[in-house]
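Enquirer: Sequence unavailable; structure follows:
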């Protein structure tokens, strides 16, 4: 909600990052995607959390739908995450689900790959 509202409250964000770090292994695919999207939208620098979320995405990418893939790829690019294995896996999954992508989701993926 903070990202959608474009509200930057550093104390609240830091507290949420701490909580998310403890619970991220239990996140489902949409929670992973949405959390990365929110961090990227707010330009939150939390390398440990982003690494943990990225690792979870790699483990759970099989269940991602087209929107999850697009949001996650955009977030990874925006956060400048260097994880070639994850990007390669997400590209592979995107190819397999290419007919499910809406135009905006496809645009997000192209933008992420161009970054």
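Expert: Looks like it came in fine. Keep in mind that this is a model prediction, so the values were computed, not measured.

Enquirer: Secondary structure element for the closest residue to residue 106 other than its chain neighbours, which one?
Expert: Ranked by C-beta to C-beta, 6 or more residues apart in numbering and with sequence neighbours excluded, the top spatial neighbour of residue 106 is residue 70, at 7.3 Å. Any C-beta I mention is one placed from the backbone N, CA and C, and that applies to glycine too. Element membership for residue 70, per DSSP states H and E: helix 66-78.

Enquirer: One more: residue 43?
Expert: Here residue 43 is assigned to no helix or strand, by DSSP H and E.

Enquirer: can you pull the contacts of it?
Expert: Contacts for residue 43 (C-beta atoms under 8 Å, 6 or more residues apart in numbering) come out as residue 78.

Enquirer: Distance check, it against residue 88.
Expert: Going from residue 43 to residue 88 by C-beta to C-beta, to the nearest Å gives 25 Å.

Enquirer: what's the spacing between the helix or strand that contains residue 16 and its chain's center?
Expert: Per DSSP H and E: residue 16 is located in helix 10-23. The chain centroid and the centroid of helix 10-23 are separated by 16 Å, computed with C-alpha atoms, centre = their mean, to the nearest Å.

Enquirer: Thanks a lot, see you next time.
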